[in-house]
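# Need the 3D shape of this:
(chains A and B)
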Amino acid sequence: GAVVSQHPSRVICKSGTSVKIECRSLDFQATTMFWYRQFPKKSLMLMATSNEGSKATYEQGVEKDKFLINHASLTLSTLTVTSAHPEDSSFYICSAVLGGSPTVGSPLHFGNGTRLTVT
Amino acid sequence: QKEVEQNSGPLSVPEGAIASLNCTYSDRGSQSFFWYRQYSGKSPELIMFIYSNGDKEDGRFTAQLNKASQYVSLLIRDSQPSDSATYLCAVTGSSNTGKLIFGQGTTLQVKP
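Just a heads-up that it's a prediction; the model follows:
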């Protein structure tokens, strides 16, 4: 089945530094990938929709200059958390679907997530 | 009103019982409905999906959809302790933006 690989699984960084998270679709081409953020005991919050070859679409309230998204190829999207602060500590999860929009024929598949801790 | 609502629980059932998880959604034009299971510290994994009214069964899992009532449920038969997790209901909106809207999740505890 479809597999989405996310790296790193866990990262600890100091306040003020930047962190890059990679999301790869391993056995299919993903024109669209989605980045979610999840706080403890909370549901997934969509941050942005990453579109191959064009700018990402950010959800309301998400700072595009802080969370830089690049979707340079059909199998790779990256999320860079710039000038990280402790409040950016969270579980970040990428997801992808064959065809761009999740349907029952092509459900959304998630990466394993990245646990970011900013000290 | 939240777009997708679930009772956060926890829902506690004894081993071997049927667990019933419920979800309501506000967008009447929603077309596709998904149930994801999420273990603590892990990312969600797809359990079931459904798009037409009625029941859909897959092993111990049954998804039920009632579009008129804007209601989707997940039944887990013969619940096992390994089923203990948070179950997320997700719905595609009618605007065809490709977004999946998640409920807050229901925590299920299956007690041996």
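# Could you use CA atoms for every contact and neighbour count after this?
Fine.
# For chain B, which segments are assigned as helices?
With DSSP state H, there are no helices along chain B.
# Point out the other helices and strands that the helix or strand of it with the lowest mean pLDDT packs with.
One helix or strand of chain B scores below all others by mean pLDDT, DSSP states H and E: strand B:100-102, with a mean of 87. With contacts taken as 3 or more Cα pairs under 8 Å, 6 or more residues apart in numbering or on different chains; DSSP states H and E, strand B:100-102 sits against strand B:85-92.
# How far does the strand it packs on sit from its chain's centre?
Mean C-alpha position of strand B:85-92 versus that of the full chain (Cα atoms, centre = their mean, to the nearest Å) differs by 5 Å.
# Outside of that strand itself, which residues are in contact with it?
The contact list for strand B:85-92 (Cα atoms under 8 Å, 6 or more residues apart in numbering or on different chains) reads A:43, A:102-103, B:4, B:6, B:21, B:23, B:25, B:30-40, B:98-109.
# Where do the strands of chain A begin and end?
A:4-7, A:10-13, A:19-25, A:32-38, A:44-51, A:57-58, A:67-73, A:76-81, A:90-96, A:109-110, A:114-118 (DSSP state E).
# What is the neighbour count of the residue nearest to A:V97 when sequence neighbours are not counted?
Excluding the flanking residues, the one nearest A:V97 by Cα to Cα, 6 or more residues apart in numbering or on different chains is A:L108, at 4.9 Å. For A:L108, the count of nearby residues is 28 (other Cα atoms under 10 Å in any protein chain shown).
# again, but for A:I21
A:I21: 22 surrounding residues under other Cα under 10 Å.
# OK, contacts around it?
Neighbouring residues of A:I21 by Cα under 8 Å, 6+ apart: A:6-8, A:78-80, A:114.
# Show me what the helix or strand bottoming out on mean pLDDT in chain A is in contact with.
Of all helical and strand segments in chain A, the minimum by mean pLDDT, DSSP H and E falls on strand A:109-110, at a mean of 88. With contact meaning Cα under 8 Å, 6+ apart, strand A:109-110 is reached by A:2-4, A:93-97, B:43-46.
# Mind listing the strands that strand pairs with, and their directions?
strand A:90-96 (antiparallel) (DSSP bridges).
# Now do the strand it pairs with, average pLDDT.
For strand A:90-96, mean pLDDT is 94.
# hmm, who's touching it?
For strand A:90-96, contacts defined as Cα under 8 Å, 6+ apart pick out A:4, A:6, A:23, A:25, A:30, A:32-40, A:108-117, B:43.
# switch the cut-off to 7 Å
Strand A:90-96 is contacted from outside by A:4, A:23, A:30, A:32-39, A:108-117, B:43, using Cα atoms under 7 Å, 6 or more residues apart in numbering or on different chains.
# Report the buried members of those residues.
By neighbour count, with 16 or more other Cα atoms under 10 Å in any protein chain shown, the contacts of strand A:90-96 hold A:4, A:23, A:30, A:32-38, A:108-117, B:43 as buried.
# OK, contacts around B:P112?
For B:P112, the contact set (Cα under 7 Å, 6+ apart) comprises B:14-15, B:81.
# Can you tell me how far it is from chain A?
According to Cα to the nearest Cα, to the nearest Å, B:P112 and chain A sit 24 Å apart.
# So what's the residue count around the residue nearest to B:D58 when sequence neighbours are not counted?
The shortest distance from B:D58 to any non-neighbouring residue, by Cα to Cα, 6+ apart, is to B:M48 (7.7 Å). By the criterion of other Cα under 10 Å, B:M48 has 20 neighbours.
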